[in-house]
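**Q** Whatever this is, show me its structure:
(one chain, ligands or ions: 3)
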Amino acid sequence: EQRQYIQQIRLMPDAPKSYHVVTYGCQMNAHDSEILAGMLRDMGMEEAADRESADFVLFNTCCVRDNAERRALGNVTWLKEVRKKNPRLMIGVCGCMIQQPGMAEKILKQYRFVDLAFGTANLYRLPELMLKALESDRAVVEVEEQNTIAEGLPVQRLRHDAAYITIMYGCDNYCTYCIVPYVRGRERSREMSAIVAEAEALRDSGVKEIMLLGQNVNSYGKGLQTPVTFAQLLKALDDVGIPRIRFMTSHPKDLSDELIDVMAHSKHILPQFHLPVQHGNDEILRRMNRHYNRAQYLDRVRKLREAIPAIGLTTDIIVGFPGETDEEFEDTIKLCDEVRYDAMFTFIYSKRVGTPAASMPDAATREDKQRRFDKLLEAANRVSAEKHAEYIGKTVRVLVDGETGKDEYNLSSRTNGGRLVHLAGDKSLIGQFIDVKITSGNTWALYGKVGE
Ligand code: SAH
Ligand code: SF4
Ligand code: F3S
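**A** Ligands and ions are numbered 1, 2, ... in the order given. Model prediction:
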């Protein structure tokens, strides 16, 4: 049905000729944007270099934290000025922010210049909504319930050597601080055969690395007619023969011994694990509804490191969850010192309307939270710098993935463990595996020389 709408738009003389998609949020959104771009391309539009030169600008929004929302809205407002210069400009807003109850209506009221608004559940219906918007003078709004999986959508991939594959949608975990289950719907998995077929096609087109996406990949396959486990899926994908396989995100409560075993014996699954702990204190973990405690989490880390000694371990942490005391916060610092993560993504708690945590009492001030946050960051940077120092003088194998935009170290690359390495070299190295000797490092990255 949508393909028909795509053809109709192609034939419309006054349809937009170019598009620009602006993406906020996680990898899942980044991949959704690749699909949106694929549909727009098939409608006959060219990708514009920036938003000022496009006929259609689409904002794919995130609402996981307050600042993500504010950034998106700020940019939409700015486009109003651009529109004054280019009256033909069409503006669309989609994604997680719009999927919140009542939000689409609110946006259209406050931002009267928006032509099109739709949620995450309607993503695959962009052609139909676009056609509606083109045929009427009024704004088109569509937000429906989440329950479908649309297969066979066109994709305009950002990179040629690495690709995202979504293996499951939604989340059923309802961590008390998190809006994702409300805006991404119930957990549902794609058929294993469809995922393997997508991977095979990517392999045949020369892709060297795939990243499997889901809010909780460890519970992949539960609702399928013939249930399979994530470990079984990984095993099947390992046999496809793509050199590097990565995945995210894993919930610690569902990290099975079977998965650790498959990873330890695989040929292509990278020794990387993003295992968000969120907090180091048992009482806070309970109030977050995480379904594990500190000891259980540390047991998973120990198992992973025993089975895969080279594993690069990363995490997400929330500081200032409602009711967090200074003592409870210290448990997070202690846990981080114990685990010594390879990288940490740290966030100050942001209240999300409609989530259980939003109505929990919260006595700590903004300053308390900022002070804790700074302390955690300091601890994270210290560990990271120590780890980087250990690399100096060593030779590591990397996949070169792009340009840095800098003169001195113009290329960026990643080790199998997921560490960022900047190096100097010709652009033709992008997409290749090479050996790099590490010469220096700071908190954020390693720096190296090619072929020594
Ligand atoms: N599904 C993934 C994470 C999705 S959101 C998982 O469970 O690990 C990415 C990260 O954002 C979360 O891990 C959490 O650390 C952070 N986050 C989510 N909601 C938040 C909130 N309300 N305030 C601050 N950080 C939040
Ligand atoms: Fe949010 Fe928790 Fe689901 Fe992750 S597992 S998306 S933090 S509810
Ligand atoms: Fe944001 Fe939606 Fe991802 S809320 S973090 S873009 S799932």
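
**Q** Spatially, and excluding backbone neighbours, which residue is closest to A15.
**A** Leaving aside its sequence neighbours, A15 sits nearest to I9 (Cβ to Cβ, 6 or more residues apart in numbering; 5.1 Å). In short, each C-beta sits where N, CA and C put it, glycine included.

**Q** which residues sit against the strand or helix carrying that neighbour?
**A** I9 belongs to helix 2-10 when assigned by DSSP states H and E. By Cβ atoms under 8 Å, 6 or more residues apart in numbering, the surrounding residues in contact with helix 2-10 are 15, 39, 42-44, 124-128, 130-131, 134.

**Q** what's the answer for stretch 375-389, then?
**A** Residues outside stretch 375-389 that contact it (Cβ under 8 Å, 6+ apart) are 317, 319, 332-333, 336-337, 340-344, 346, 441-446.

**Q** Please list only the buried members of the residues you listed.
**A** For the contacts of stretch 375-389, a burial check counting by 16 or more other Cβ atoms under 10 Å picks out 317, 319, 332-333, 336, 341-344, 346, 441, 445-446.

**Q** before we move on, back to that, mind listing which of the contacts of stretch 375-389 are in strands?
**A** Within the contacts of stretch 375-389, residues falling in strands by DSSP state E are I317, V319, A343, M344, T346, G441, L446.

**Q** Tell me the one of the residues you listed nearest ligand 2?
**A** The shortest approach to ligand 2 among the ones in strands among the contacts of stretch 375-389 belongs to I317, at 11.7 Å (Cβ to the nearest ligand atom).

**Q** dump the residue contacts of the closest residue to that closest one other than its chain neighbours.
**A** The shortest distance from I317 to any non-neighbouring residue, by Cβ to Cβ, 6+ apart, is to T346 (4.9 Å). T346 makes contact with D316, I317, V319, F373, L376, L377, A380, according to Cβ under 8 Å, 6+ apart.

**Q** Look up phi and psi at the fourth one.
**A** This means F373. The phi/psi pair for F373 (degrees, to the nearest 10) reads phi -60, psi -50.

**Q** Now for it, how many residues are close by?
**A** If you count neighbours by other Cβ atoms under 10 Å, F373 ends up with 19.

**Q** And M12, by the same measure?
**A** The tally of other residues near M12 (other Cβ under 10 Å) stands at 14.

**Q** State the phi and psi torsions of the nearest residue to it once chain neighbours are set aside.
**A** Closest residue to M12 apart from its sequence neighbours, by Cβ to Cβ, 6+ apart: L134 at 6.5 Å. Main-chain dihedrals, L134, degrees, to the nearest 10: phi -70, psi -30.

**Q** anything in the helix or strand harbouring V22 near ligand 3?
**A** Take DSSP H and E as the rule and V22 turns out to sit in strand 18-23. No: with Cβ under 6 Å from any ligand atom as the measure, strand 18-23 is seen stopping short of ligand 3, the closest distance being 8.6 Å.

**Q** Also compute the angle for whichever helix or strand comes after that strand relative to strand 18-23, please.
**A** Using DSSP H and E, the helix or strand that follows strand 18-23 in sequence is helix 27-42. Here helix 27-42 runs at an angle of 170 degrees relative to strand 18-23 (axes from the mean of the first three to the mean of the last three Cα atoms, to 10 degrees).
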